[in-house]
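Visitor: Have a look; sequence and predicted model below, questions after that.
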Amino acid sequence: MQNSGDLDTPEEIAEMVRRFYQDVAQDDLLGPVFNDVAQVDWPEHLPKLTAFWCRALLGIEGYVGNPFRSHALINAQSPFTMAHFERWLELFTDTVSTGWVGPGADRALELAHNVARVHSSQLIGGSELRWATA
């Protein structure tokens, strides 16, 4: 797949989020967590995820939510393992690196590593992720 841009527009971010979560939903490890445990309504959830990444990467207002609380509720139903966070980060890295390049893509990878590190630490007391560097 060709690099299509630098995740520097809402349209680029929406496309990245769509590709990434399509892979997540079909993943053997992550799919059941999202589809069966969390019962994610993808048409409703993708715009929220896009808004989160647009705020994080472009400073665009519009995201409302508490990602940590949502993940904590899922963790209470079906505990996460370090493998979940490592796989999420692996898929995210693969999605971004095969579709985008530049400072925006680099920021997205850095933020994803931080999100995975903080959430794994807070939710499971995880030590360092195996994917500790972008």
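Guide: Sure thing, it's come through.
Visitor: Show me which residues of stretch 114-127 are buried.
Guide: By neighbour count on 16 or more other Cβ atoms under 10 Å, the buried set for stretch 114-127 is Val115, Ala116, Arg117, His119, Ser120, Leu123, Gly126. To be clear about C-beta, it is placed using only N, CA and C from the backbone, and glycine gets the same treatment.
Visitor: low pLDDT regions in the protein?
Guide: 1-4, 126-134 (pLDDT under 70).
Visitor: how deep is Phe52 tucked in, by neighbour count?
Guide: Number of residues near Phe52 (other Cβ atoms under 10 Å) recorded here: 19.
Visitor: Secondary structure element for it, which one?
Guide: helix 42-58 (DSSP states H and E).
Visitor: Show me what that helix is packed against.
Guide: Helices and strands touching helix 42-58, as assessed by 3 or more Cβ pairs under 8 Å, 6 or more residues apart in numbering; DSSP states H and E, comprise helix 10-26, helix 103-124.
Visitor: Can I get those helices in JSON lines including distance to Arg87?
Guide: Converted to JSON lines, the helices and strands packed on helix 42-58 look like this (distance: least, Cβ to Cβ, whole Å):
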{"stretch": "helix 10-26", "distance to Arg87": "9"}
{"stretch": "helix 103-124", "distance to Arg87": "10"}
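Visitor: hang on, the earlier thing: distance from the helix holding Phe52 to the middle of the chain?
Guide: 10 Å (Cα atoms, centre = their mean, to the nearest Å).
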